[in-house]
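Colleague: Show me the folded form of this:
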Amino acid sequence: MTRLTAPTLRILAIPLFALSLAPIAARADVVAKAASPDGRITLTVSLDGEGRPSYAVQRDGQPLIADSRLGFMLTDAPKIERNLTLADTKRDRRDTNWTQPWGEWSTIRDNHSEIRLAFREKTDLQREMDVTFRLFDDGVAFRYTLPDQPNLHHANIAEELTQFAFAQPGTAWWKPAFEWNREEYLYDKTPLDAVGTAQTVMTVKLASGTHVALHEAALVDYSAMNLARVQGNMFRAALTPGAGTAKASRDAGFSTPWRTIAIADDAAGLYMNHMILNLNEPNKLGDVSGWIKPGKFVGVWWNMIKGEWSWARGPKHGATNANVRRYIDFAAASGIPAVLVEGWNVGWDGNWFGNGNAMNFSQPTEDFDADALAAYARSKGVTLIGHHETGGSVSHYDAQLDSAFKWAADHGEQVVKTGYVTDAGQIERVDADGTHHREWHEGQWMVNHYLRVVQAAAKYKVSIDSHEPVKDTGLRRTYPNWVSREGGRGMEYNAWVGGKNPPEHEANLAFTQMLGGPMDFTPGVLSLSGSEGSTIQSTIAKQLALYVVLYSPVVMAADTPENYAKYPGPFQFIKDVPTDWSDTRVLNGEVGDYVTIARKEKGGDDWYLGAVGDEEARASQATLDFLDAGRSYVAEIYRDGPGADYRTDARHAIVIEKKTVRKGDRLTIALAPGGGQAIRFVAGGKPRRR
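Modeller: Numbers count the residues shown, from 1 in each chain. Now for the predicted structure:
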């Protein structure tokens, strides 16, 4: 993607490290310093003459984040931001490894230094605010702790005063916050000083070429953070509202989520960052190997998204015994372990959007024989994936959590897809006294609800794939049954006549939303056709590559059995590709332009490669350094065919070929406009011992 939505020439005219923000007014004295384990990233913390704390981040001596303030606004007490002094400093250093039950890497290294600073007011209240910074070799994270203390037993937070003042101009990829369609917006590419109010992840390429991504980790019992541009290149945290006055309300003795600043030389380096996972608590569910099962699924879904079937009962109802049996047969014949069924339960008739109070998650419709279908699926070696659409009536769903997940477990459902389809700010909350409120999807009350769902599901050994979710902040480490989520514009937008995802969309996702965690994008529409015959802006090879590029441990083969029967050659890659990995390498990429990712299958020796581009034809070189030395591989290549182009009927042109390769070989990855390439590297003989 080459265009910017605001002029770019002015960036080139600004001195490299010129600040386009007002300096902190009073002179500041450095009170603490810290460095990453490799020493390249340094942190300075200062107090100005009015006792206002700020932090700054440098890399190789080059300013990345200029002095940026810290603190809180409270709804019922003076703010905590000035007249502070440094009361205590504690340091720590850790270098450990831990393993994931599933993921993009089997083993994660957590190598960081830490400094915890206790600030105390010099005024009569003498309240304390602690700030803990962790420095990794590829980023900085910090969080606040408000201890329980005589003049602060409870905190009603109106807003954080956290700032992120970029020390250089740059280019930002971002999508808007606080709009009606939740997270489901395309990414804008603008100069950094033209950003509005952005959701995280926001990715920035600074004038020096350094890449930075702002996000958060371990979002628990707090409001999600967005980024509001104040002036120039300065941003501040903007917490998501709730139904009450305070955006977050907690008894003192709590810590906020981590505010994260990932730093890398290039876009590929951002993806290889493990900071978000490392900042979350370890697995609380114990050994989950017996019940969390990554895998692919097909679904009674695409025909509904296209409008040919309906969720509601009637002549077009999709979730019928006959349709579900046919999908079970198809899954079994294709070696696909699961079938998603939507519209199986009572509650879909009438206008359910934003009003799901008729939804019953343990009562099937009369044409969906749940017991018989569960038994039939079991006989075929297939499981069903349930679907709980709340229509935004969240208190109604809360009241059913135990019965709903018991019902799901009793019917062999290992995964449930949840949904919250209503406009942003329109979640229905009903308190115990019957009072009705409207909440935002990422406000504190809803953040707590999503976690309640995951915990209730874990009780019955069910995993959760959240749609219309709270964003991913790494809680999959702590609760590994939170396997995936939507939270962006997925394949469903390509079903509709208007508003389809443009060709650069997936190359944007790889270096923005995907930095937070897995996305249930629902790829694999080989027909490249939506409703009314409308065309998807992709080649068929790109649909295959998405299985490698856009990671999710549970991933759909989204097209229909009839369409897959028309493309048996490409469909073979979908049948072959795993969804769980032991290693991942990003070989190259530029945000919004292209990306090439290689992954090694979990428990095996084969590697897979996926590459996607934008609207331009592109070619790059991939060096196969990731393959085992001394071993030959058969590369099963699925690439754009002659004349392939997302704008023409040739979007289906594909070449499927094989060649023998070894470690260190170089392959040309040629991408058509809107194109992609997918490769399976099938391991041959054992590597020679040295």
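Colleague: So, low pLDDT: which residues of the protein?
Modeller: 1-26, 685-690 (pLDDT under 70).
Colleague: Domain ranges for it, per the record?
Modeller: For the chain, automatic domain parsing gives the domain ranges 9-278, 295-488.
Colleague: so residue 193 sits in a helix?
Modeller: Yes. Under DSSP: H, G, I helix; E, B strand; the rest coil, residue 193 sits within a helix.
Colleague: How many neighbouring residues does it have?
Modeller: When counting by other Cβ atoms under 10 Å, one arrives at 20 neighbours for residue 193. Glycine gets a C-beta too; all of them are placed from N, C-alpha and C.
Colleague: ok, now the one 3 residues further on?
Modeller: Other residues near residue 196 come to 14 when the count uses other Cβ under 10 Å.
Colleague: my guess is residue 145 contacts residue 133, does it?
Modeller: No. Contact criterion Cβ atoms under 8 Å: residue 145 and residue 133 do not qualify, at 12.0 Å.
Colleague: With neighbour numbers in mind, choose between those two.
Modeller: Higher neighbour count among residue 145 and residue 133: residue 133, with 22 against 16, using other Cβ under 10 Å.
Colleague: beta partners of the more buried one?
Modeller: For residue 133, the beta-bridge partners under DSSP bridges are residue 115, residue 142.
Colleague: Now do residue 279 against residue 87, distance only.
Modeller: Per Cβ to Cβ, to the nearest Å, residue 279 is found 25 Å from residue 87.
Colleague: what's the answer for residue 408, then?
Modeller: Relative to residue 87, and taking Cβ to Cβ, residue 408 is found at 51 Å.
Colleague: related to what we said a few turns ago, show me the one of the domains of the chain that comes nearest residue 620.
Modeller: domain 9-278 (11.5 Å; Cβ to Cβ).
Colleague: Same drill for residue 408 and residue 87, tell me which one is more crowded.
Modeller: More crowded of residue 408 and residue 87, by other Cβ under 10 Å: residue 408, with 24 against 14.
Colleague: The more buried one: what secondary structure?
Modeller: Strictly by three-state DSSP, residue 408 counts as helix.
Colleague: Give me the nearest residue to it, chain neighbours excluded.
Modeller: Spatial nearest neighbour of residue 408, chain neighbours left out: residue 386 (4.8 Å); criterion: Cβ to Cβ, 6 or more residues apart in numbering.
Colleague: so the one you found makes contact with residue 415?
Modeller: Yes. Here residue 386 reaches residue 415: they are 7.5 Å apart, a contact under Cβ under 8 Å.
Colleague: is it fair to say residue 332 lies in a strand?
Modeller: No. Per three-state DSSP, residue 332 lies outside any strand segment and is helix.
Colleague: burial count for it?
Modeller: Residue 332 - counted by other Cβ under 10 Å - has 17 other residues nearby.
Colleague: Might you report the residue contacts of it?
Modeller: Counting by Cβ atoms under 8 Å, 6 or more residues apart in numbering, residue 332 makes contact with 380-382.
Colleague: Please spell out the ChimeraX selection for the buried subset of the residues you listed.
Modeller: In ChimeraX, a selection of the buried entries from the contacts of residue 332 looks like this (16 or more other Cβ atoms under 10 Å):
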select :382
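Colleague: Closest one of the contacts of residue 332 to residue 225?
Modeller: Nearest to residue 225 among the contacts of residue 332 is residue 382, at 40.6 Å by Cβ to Cβ.
Colleague: Just confirm the closest one contacts residue 338, I think it does.
Modeller: Yes. Contact criterion Cβ under 8 Å: residue 382 and residue 338 qualify, at 6.4 Å.
Colleague: overlap in contacts of these two?
Modeller: Each of residue 331 lies in contact with both residue 382 and residue 338 under the rule Cβ under 8 Å, 6+ apart.
Colleague: ok, back up a step: who is the residue nearest to residue 408 paired with across the strands?
Modeller: The partner residues for residue 386, given DSSP bridges, come to residue 416.
Colleague: what separates residue 493 from residue 201, distance-wise?
Modeller: In this view, residue 493 and residue 201 are 19 Å apart by Cβ to Cβ.
Colleague: Give me the more crowded residue out of the two.
Modeller: Ranked by neighbour count (other Cβ under 10 Å), residue 493 and residue 201 place residue 201 first, with 28 against 18.
Colleague: Run the chain-centre distance for the longest helix anywhere in the chain.
Modeller: If you go by DSSP state H, the chain has its longest helix at helix 444-459. Chain-centre distance of helix 444-459: 17 Å, with Cα atoms, centre = their mean, to the nearest Å.
Colleague: Run through who's touching that helix.
Modeller: Applying Cβ under 8 Å, 6+ apart, the external contacts of helix 444-459 come out as 219-224, 240, 242-243, 247-249, 285, 394, 397-398, 401-402, 405, 408, 416, 418, 427, 429, 439-440, 463-464, 466, 469-470, 475, 479, 481-482.
Colleague: of the residues you listed, buried ones?
Modeller: Among these, the ones that count as buried by 16+ other Cβ under 10 Å are 219-220, 222-224, 240, 242-243, 247-249, 285, 394, 397-398, 401, 405, 408, 416, 418, 427, 429, 439-440, 463-464, 466, 469-470, 475, 479, 481-482.
Colleague: related to what we said a few turns ago, now the domains of the chain as JSON lines including distance to residue 525?
Modeller: Putting the domains of the chain into JSON lines (distance: least, Cβ to Cβ, whole Å) gives the following:
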{"stretch": "domain 9-278", "distance to residue 525": "18"}
{"stretch": "domain 295-488", "distance to residue 525": "7"}
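Colleague: Quick one: end-to-end distance for stretch 355-366.
Modeller: Terminal residues of stretch 355-366 are spaced 22 Å apart (Cα to Cα, to the nearest Å).
Colleague: swap in stretch 351-364?
Modeller: With Cα to Cα applied, stretch 351-364 spans 18 Å between its terminal residues.
Colleague: mind listing what's buried in it?
Modeller: Those would be 352, 354-356, 359, 361-362, 364, for stretch 351-364 by 16+ other Cβ under 10 Å.
Colleague: Please apply the same query to stretch 451-467.
Modeller: Of the residues in stretch 451-467, those buried (16+ other Cβ under 10 Å) are 451, 453-458, 460-467.
Colleague: quick one: which two of those are the most distant?
Modeller: 461 and 467 (21.0 Å).
Colleague: Now do the helices in the stretch 251-400 of the chain.
Modeller: In the stretch 251-400 of the chain, the segments counted as helices under DSSP state H, counting those that start in this stretch are 267-271, 275-278, 302-305, 321-334, 370-379, 394-398.
Colleague: and the last one, what does it pack onto?
Modeller: Spelled out, it's helix 394-398. Secondary-structure packing of helix 394-398 (3 or more Cβ pairs under 8 Å, 6 or more residues apart in numbering; DSSP states H and E): strand 427-430, helix 444-459.
Colleague: next one: that helix to chain centre, how far?
Modeller: 24 Å.
Colleague: Sort out which of the buried ones among the contacts of helix 444-459 are in helices and list them.
Modeller: Using DSSP H to define helices, the subset of the buried ones among the contacts of helix 444-459 located there is 394, 397-398, 401, 405, 408.
Colleague: Which members of these define the maximum pairwise distance?
Modeller: 394 and 408 (18.1 Å).
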